[in-house]
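Asker: The amino acid sequence is not available; the structure is as follows:
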């Protein structure tokens, strides 16, 4: 009991500290994770549910002790008949009663064990909620970082397009290129500016999603850190898939939660079976009372009516309209359902691990290939651009190489963040901390 009280106080203190937590001036990924875990409404509700479950445990333990109650009854009776000796009378009854269940085939002890299992399941449910918010924060944060880099790429593209347009204007004035070539470069410049606007809109949308996950007000702005991600972090070697899955089975809360649900269902079956046994109870009490209209004074009435009682009662279930049998059969079905839930959760976890592992390895391979291709495409574009302004290449050839460069940059960016995101998901599934300093 003392341990539960201390745990309750610690949770309440945590909730108080959460309310007073200050927001960081610059949001790193770790700062986002810490703030979200402290302020997410669903997680707060889960923690309160833990406290409620601890109260249920204390209630289950208290059922082992006797109950004690006091009854006080005051009455007044009026006799309207004129033949009555006295037209009204007063009465009072006072008693203290105790009841104690001595034997119930272990149902109360099993209920306590069940409730302790439920406390652990509530804690694991909170941990599941924390893992869900971690995954959501990591994914959204990386999407913001991806969008920020995409904006930078599009800004550079717009600057290049503007420089090409300005140089083409000078060449057109000098008669070196045609008006058609200049118009094509003007059109490309406008297209690149539009793509920059689209990229900035995507960035704003991802930032909004992150703000919502952090439970921030609509008026609050967030300034994200934008660190460099080393290539070694993108192509970091991964453990074997089987090792990752085995680790996940051992540490993920949803697996342990389903295992405890089976144990709770087995206890419920034993409780249902115990209902076939008799229940033995002891009761005791003291009481007294008084009634007006007698020849004794109040004190004598109280003493003369004073009584003490004690008794033993046995309740034997003979025919309970199939309630006990139905409860027992449903308890056995609940065990099977819990076992199926565990199997289904294991399969879902396996799918998560396999999917994230495939995405990570595939993205790493794509990143290496795309990085190599980008180097060649950039070199080709620079040569083609130089040849265009020398009159050796036409506008279409130059713009084609430019679009190839933009596509190559986007491929590198996409594969880079897909790899990082999948690696982080695998880390969460293994209960590992964030592996990149962002």
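Answerer: Ah, there it is. As the structure is a prediction and not an experimental result, all values here were calculated from the model. Numbering: from 1, shown residues only.

Asker: which strands and helices sit next to the helix or strand hosting residue 343?
Answerer: If you go by DSSP states H and E, residue 343 is part of helix 323-389. If you count contacts as 3 or more Cβ pairs under 8 Å, 6 or more residues apart in numbering; DSSP states H and E, helix 323-389 packs onto helix 107-173, helix 231-234, helix 241-251, helix 253-274, helix 395-429. To be clear about C-beta, it is placed using only N, CA and C from the backbone, and glycine gets the same treatment.

Asker: Need the ones you listed in JSON lines (columns: distance to residue 200, mean neighbour count and mean pLDDT).
Answerer: Shown next, in JSON lines, are the helices and strands packed on helix 323-389 (distance: least, Cβ to Cβ, whole Å; neighbours: other Cβ atoms under 10 Å; pLDDT from 0 to 100):
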{"stretch": "helix 107-173", "distance to residue 200": "6", "mean neighbour count": "18", "mean pLDDT": "93"}
{"stretch": "helix 231-234", "distance to residue 200": "25", "mean neighbour count": "14", "mean pLDDT": "89"}
{"stretch": "helix 241-251", "distance to residue 200": "37", "mean neighbour count": "15", "mean pLDDT": "96"}
{"stretch": "helix 253-274", "distance to residue 200": "39", "mean neighbour count": "19", "mean pLDDT": "96"}
{"stretch": "helix 395-429", "distance to residue 200": "15", "mean neighbour count": "20", "mean pLDDT": "93"}
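
Asker: want to throw those into JSON lines with distance to residue 348?
Answerer: Listed next are those as JSON lines, based on distance: least, Cβ to Cβ, whole Å:
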{"stretch": "helix 107-173", "distance to residue 348": "12"}
{"stretch": "helix 231-234", "distance to residue 348": "28"}
{"stretch": "helix 241-251", "distance to residue 348": "11"}
{"stretch": "helix 253-274", "distance to residue 348": "8"}
{"stretch": "helix 395-429", "distance to residue 348": "11"}
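
Asker: Residue 181: which of the ones you listed is closest?
Answerer: helix 395-429 (4.5 Å; Cβ to Cβ).

Asker: which ones are touching residue 261?
Answerer: Going by Cβ atoms under 8 Å, 6 or more residues apart in numbering, residue 261 touches 121, 338, 341-342.

Asker: And residue 423, by the same measure?
Answerer: 233, 236, 238, 360, 435.

Asker: Also residue 258?
Answerer: Each residue near residue 258 by Cβ under 8 Å, 6+ apart is listed here: 338, 341-342, 345.

Asker: TSV please, covering the residues you listed and showing neighbour count.
Answerer: TSV is the format used below for the contacts of residue 258 (neighbours: other Cβ atoms under 10 Å):
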residue	neighbour count
338	20
341	17
342	19
345	18
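
Asker: Let me have those residues in JSON lines, extended by distance to residue 276 and pLDDT.
Answerer: Formatted as JSON lines, the contacts of residue 258 follow (distance: Cβ to Cβ, whole Å; pLDDT from 0 to 100):
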{"residue": "338", "distance to residue 276": "23", "pLDDT": "97"}
{"residue": "341", "distance to residue 276": "28", "pLDDT": "97"}
{"residue": "342", "distance to residue 276": "29", "pLDDT": "97"}
{"residue": "345", "distance to residue 276": "33", "pLDDT": "97"}
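
Asker: Report the central residue of the protein.
Answerer: residue 129 (1.6 Å; Cα atoms, centre = their mean).

Asker: Please report how far that residue lies from residue 254.
Answerer: When distance is defined by Cβ to Cβ, to the nearest Å, residue 129 is 11 Å away from residue 254.

Asker: Give the intersection of the neighbour lists for these two.
Answerer: Joint contacts of residue 129 and residue 254 (Cβ under 8 Å, 6+ apart) do not exist.

Asker: So in that sheet, which strands flank the lengthiest strand in the chain, and in what orientation?
Answerer: Ranked by number of residues, the top strand in the chain under DSSP state E is strand 88-103. Partners of strand 88-103 in the sheet, by DSSP bridges, are strand 67-78 (antiparallel), strand 279-291 (antiparallel).

Asker: Buried residues in the last one, which are they?
Answerer: For strand 279-291, burial by neighbour count (16 or more other Cβ atoms under 10 Å) applies to 279-281, 285, 287, 289-290.
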